[in-house]
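K.L.:
model this:
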Amino acid sequence: MRYNRTQMSEADVSTHPEIHGFPVWIRISAIAVVVLLVISIVRVAGVFHDAIQVERAHKNLAQNNFAKAAEELKPVVGRYPDSIDFNLDLAEAEMGTQDYLGAAKILDRLGGREVSEEQNVRASAIGSQLDEVAKKFQGGQP
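P.N.:
Reported below is the predicted structural model:
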């Protein structure tokens, strides 16, 4: 039985699911949509922040400011460990700061993965630099 507002007592008005304009399932759905929207906005803000950090790191790499680039890239690589490009950027920065062990660990982690031609060229260049450093430490000349 459907009631209208004039036929209901005060107790009925507060408990009837359709009194305030919308059925309960619509209100629950609206709340769920708002919650998902807030979560999405928060996640997008994090991704946007990461994109800014990567751009700063690229700028620092171009200016040979390797320590600053590594500082910008480490948290990004921590959040996106499967990104080959971010890992190669960090390896280049670590080579510039003479953290050869860090760069070698990154290349080891990337070993065996499918990479693009550009990524392969970058990884090979870092590997060649590591080989030259290894020869110097062993007393040989490159």
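K.L.:
contacting residues around residue 130?
P.N.:
Contact analysis of residue 130 by Cβ atoms under 8 Å, 6 or more residues apart in numbering lists 95, 100, 103, 104, 107. Yep, even glycine has a C-beta here, placed from its N, CA and C like the rest.
K.L.:
so how far is residue 41 from the fourth one?
P.N.:
Residue 104 sits 40 Å away from residue 41, going by Cβ to Cβ, to the nearest Å.
K.L.:
which of the two has more neighbours?
P.N.:
residue 104 (18 against 9; other Cβ atoms under 10 Å).
K.L.:
next, that one: secondary structure please.
P.N.:
helix (DSSP: H, G, I helix; E, B strand; the rest coil).
K.L.:
any idea how far residue 91 is from it?
P.N.:
Note on residue 104: its distance to residue 91, by Cβ to Cβ, is 8 Å.
K.L.:
what of residue 41?
P.N.:
33 Å.
K.L.:
and residue 64, what are its phi and psi?
P.N.:
Backbone dihedrals for residue 64, given as degrees, to the nearest 10, come out at phi 60, psi 30.
K.L.:
touching, residue 58 and residue 89? I think so.
P.N.:
Yes: Residue 58 is within contact range of residue 89, at 7.2 Å (criterion: Cβ atoms under 8 Å).
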